[in-house]
Every structure is written in structure tokens, then in C-alpha cells.
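Asker: Give the three-dimensional model of this entry:
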Amino acid sequence: MIPITTPVGNFHVWTKSMGNNPRIKVLLLHGGPAFTHEYMECFESFLPREGFEMIEYDQLGSFYSDQPTDSSLWTLDRFVEEVEQVRKALRLNKDNFYLLGNSWGGILAMQYALKYQDNLTGLIICNMMSSIPDFNAYNKKVFIRDIGQFCVDSMEKMEAMNQMQNPRYLQWLKTYNDKHMCRVVPNPEPMVRGFAHVNNTVNTILIGSGNLTLSGRLANWDIKNRLPEIKVPTLTIGAKYDFMDPDHMNWMSEQVQNGRYLYCSEGSHLAMWDDQKDFYPGIIKFINDVDEGSFRKGN
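Answerer: Here you go, the predicted model:
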């Protein structure tokens with residue numbers, strides 16, 4: 001448990017380290033916001049056996065960490081400062097620190113890099129676009145393609161009336177998630193367990209309660225124009241069946257100064273589960289290339 005200082009008090013966040021490698025330490029940032037590390041437990045079967053040190057971490061407000069109720073804590077800038085405090089506590093530095101974020105964790109990783117990239121060795125952005133407005137537009141197109149305009153209109157009406165427990169809404173959402181969230185059906189147990197532990201209060205404050213359009217405090221988050229500021233070696237990961245646009249992630253790899261793109265041809269938003277043959281070898285190669293000094297942009 002790592003102590004975290006915030007403007008409204010002191011708290012603790014949960015971490016779990018596996019392995020010991022002075023040159024390669026990978027800190028995982030889970031999605032949500034306010035999900036848990038649990039759905040990322042699959043990394044335990046891949047990174048440690050490569051000799052990498054790996055740290056799982058529940059962000060403040062998540063199930064295994066403290067869960068304060070002051071809503072002023074739930075801002076992107078405050079989470080960035082939390083990651084920096086975790087880095088210091090774990091003694092991560094520019095010679096060994098690889099930051100890997102999935103979904104919301106990708107937002108957090110990008111924002112951290114924009115402020116603290118001098119502390120990073122490498123950055124890995126999994127299945128996250130660099131703009132919430134762009135995501136909302138793409139996501140709605142995918143919904144319409146999958147279930148049709150009439151069903152999407154019906155879902156929007158149900159969301160407006162806070163009727164997300166309507167059986168039709170839930171069935172349309174399940175059909176969508178089974179194709180675009182995780183294609184392993186039934187879903188893996190760590191994913192089911194982790195998603196059941198989401199802190200809905202924090203999640204709703206940051207991205208809203210609907211599934212068609214993200215809203216909340218992150219509704220206007222967009223750093224497309226700032227991507228060229230990121231100079232640290234960066235891997236962006238997109239997947240064919242993701243509800244995040246894989247072409248956008250490819251474009252992101254070209255906007256950062258030292259980017260590489262990994263495409264998961266059988267993956268969805270959680271390609272870590274449903275396209276392990278592409279996902280993990282790509283990450284492992286990136287880390288090894290950076291560590292060995294052989295990383296080159298685009299290769």
C-alpha cells in the first residue's frame with residue numbers, strides 16, 4: 001500500500017510487484033475509470049516470464065485502494081500526480097520505467113507523459129484514442145453498423161430517461177460488448193470479477209453513465225495536437241474489433257516523435273485477452289528493443 005498525498009487528505013493505493021529487474025519495470029494502468037487491476041491479471045502469464053518486473057496497481061477510488069468520497073479528487077490532473085507519487089515510491093526512473101495504460105489508463109498514461117516524460121523509458125498506449133470527441137463519433141458509427149439506427153435511437157432515449165436496466169438495452173449492449181469489448185465468451189473470470197468491482201460513482205463523474213457517448217469531466221478531453229510533444233519511445237496498440245478506431249491509433253504512432261504501431265488482427269478493446277498471439281509479442285519486442293538500444297521509429 002503506497003501513501004498518496006492529495007489536496008483533501010492522505011490515502012493509500014494498492015500495488016503488487018512481480019519479478020525483479022533493475023532495467024525493466026512495467027507499471028500497469030487499468031481502465032474504467034475506477035475499474036481494478038484484476039482484468040489485467042493476464043499480463044502475469046507473459047511479462048514476468050520474460051524477466052520483466054511488473055507492477056499491478058489500483059488507482060485511488062478503485063476496489064483494492066482507498067475509496068474517498070470527495071468528488072474534487074476525480075480529475076485527470078490529480079490522477080497524474082498520483083501516478084508520479086507511485087513512481088517515486090517504487091523507485092522507477094528514466095532508466096527503467098515503462099508505463100502501460102489500457103483504455104482510461106491510456107488517457108492517464110498520455111497525460112502523464114506530457115508532464116513527466118523525462119521520468120519514462122518507454123510508453124505503451126493500449127486501445128485508447130487521443131480524443132474523446134473523436135471516440136464518441138467513431139463509437140456511434142460502430143453501434144449503428146452493428147445494431148442499426150433504430151436501435152441506437154432507442155438506446156439514446158433510454159439513456160436520456162435513465163433506463164439503462166431495460167432488458168432490450170442490456171441485450172443490445174451485451175451483443176456489442178461481446179464483439180467489441182472482449183471476444184472471449186463467456187468473458188474471462190478475472191475480467192468478470194474486476195468489472196464487478198467498478199466504483200460507479202467515480203466512473204460516472206469522469207465519463208458519464210451512458211454507453212453511446214462518453215460525457216462527464218472527460219467529455220472534451222483531446223490531446224491530438226499535443227502528441228508531437230511526446231518524445232519518449234512509444235508503442236500504440238489498436239485492434240480490428242475494438243470500439244476505439246485502430247486507424248486513429250496508427251495515426252497516433254506517427255504523431256509522436258518516436259512511435260511504433262501494433263495491430264491486433266483478432267483483438268477487441270481487451271486484446272490482452274482475445275488476441276494474445278499479437279498483443280504480447282508486440283509489447284515484449286518493443287520493450288526489448290528499447291532496452292537493447294535498437295528501437296527505431298516505425299519498425
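
Asker: What ranges does the stretch 1-150 of the chain have for its helices?
Answerer: Listed in chain order, the helices of the stretch 1-150 of the chain (DSSP state H, counting those that start in this stretch) span 76-90, 104-116, 132-147, 149-160.

Asker: Just put those in JSON lines and tack on mean neighbour count and mean pLDDT.
Answerer: (C-beta placed from N, C-alpha, C; glycine too.) Formatted as JSON lines, the helices of the stretch 1-150 of the chain follow (neighbours: other CB atoms under 10 Å; pLDDT from 0 to 100):
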{"stretch": "helix 76-90", "mean neighbour count": "17", "mean pLDDT": "98"}
{"stretch": "helix 104-116", "mean neighbour count": "23", "mean pLDDT": "98"}
{"stretch": "helix 132-147", "mean neighbour count": "17", "mean pLDDT": "93"}
{"stretch": "helix 149-160", "mean neighbour count": "15", "mean pLDDT": "91"}
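
Asker: Beta-bridge partners for the residue most central in space within the chain, please?
Answerer: Centroid-nearest residue in the chain, with CA atoms, centre = their mean: N102, separated by 2.0 Å. N102 has these beta-bridge partners by DSSP bridges: C126.

Asker: hang on, the earlier thing: which one, of the helices of the stretch 1-150 of the chain, ends up nearest to L170?
Answerer: Shortest distance between L170 and those, using CB to CB, is found for helix 149-160: 9.9 Å.

Asker: what helices or strands is the closest one leaning on?
Answerer: Packing partners of helix 149-160 (3 or more CB pairs under 8 Å, 6 or more residues apart in numbering; DSSP states H and E): helix 132-147, helix 167-180.

Asker: mind checking how far the very next helix or strand once past the shortest one is from the chain centre?
Answerer: Beyond helix 167-180 on the C-terminal side, the first helix or strand identified by DSSP states H and E is helix 189-196. Relative to the mean C-alpha coordinate of its chain, helix 189-196 is positioned 16 Å out (CA atoms, centre = their mean, to the nearest Å).

Asker: can you pull the buried residues of helix 189-196?
Answerer: By neighbour count on 16 or more other CB atoms under 10 Å, the buried set for helix 189-196 is 190-191, 194-195.

Asker: can I get these in CSV with distance to P167 and pLDDT?
Answerer: CSV is the format used below for these (distance: CB to CB, whole Å; pLDDT from 0 to 100):
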residue, distance to P167, pLDDT
P190, 27, 98
M191, 23, 97
G194, 25, 96
F195, 19, 95
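
Asker: Surely the residue nearest to the centre of the chain touches L29?
Answerer: Yes - using CB atoms under 8 Å, N102 and L29 qualify as a contacting pair, with a distance of 7.0 Å.

Asker: So what would you say the end-to-end distance of stretch 11-27 is?
Answerer: 20 Å (CA to CA, to the nearest Å).

Asker: avg pLDDT for that stretch?
Answerer: Stretch 11-27 carries an average pLDDT of 97.

Asker: coming back round to it: take the buried residues of helix 189-196 and write them to a markdown table, including distance to L270.
Answerer: Formatted as a markdown table, the buried residues of helix 189-196 follow (distance: CB to CB, whole Å):
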| residue | distance to L270 |
| --- | --- |
| P190 | 11 |
| M191 | 7 |
| G194 | 11 |
| F195 | 10 |
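
Asker: just these now: which is nearest M155?
Answerer: When the buried residues of helix 189-196 are compared against M155 (criterion: CB to CB), the nearest one is F195, at 19.7 Å.

Asker: List the residues that contact E266.
Answerer: 183, 239-241, 274-275, 277-278 (CB atoms under 8 Å, 6 or more residues apart in numbering).

Asker: Now intersect these with the helices, please.
Answerer: The helices, defined by DSSP state H, take in 274, 277-278 from those.

Asker: Redo the helices of the stretch 1-150 of the chain as CSV? Include distance to Q255.
Answerer: Listed next are these as CSV, based on distance: least, CB to CB, whole Å:
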stretch, distance to Q255
helix 76-90, 20
helix 104-116, 11
helix 132-147, 13
helix 149-160, 31
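
Asker: what about those helices, which gets the closest to K179?
Answerer: helix 132-147 (6.8 Å).

Asker: Please work out the average pLDDT along stretch 217-230.
Answerer: Stretch 217-230 comes out at a mean pLDDT of 98.

Asker: Please read the previous query as pertaining to stretch 288-295.
Answerer: Mean pLDDT, stretch 288-295: 95.

Asker: and what of stretch 165-181?
Answerer: The model assigns stretch 165-181 a mean pLDDT of 92.

Asker: How far does it sit from its chain's centre?
Answerer: 21 Å.

Asker: mind listing what's buried in that stretch?
Answerer: Of the residues in stretch 165-181, those buried (16+ other CB under 10 Å) are 169, 172-173, 176-177, 180-181.

Asker: Then stretch 233-241?
Answerer: So, applying 16+ other CB under 10 Å, buried residues of stretch 233-241: 233-239, 241.
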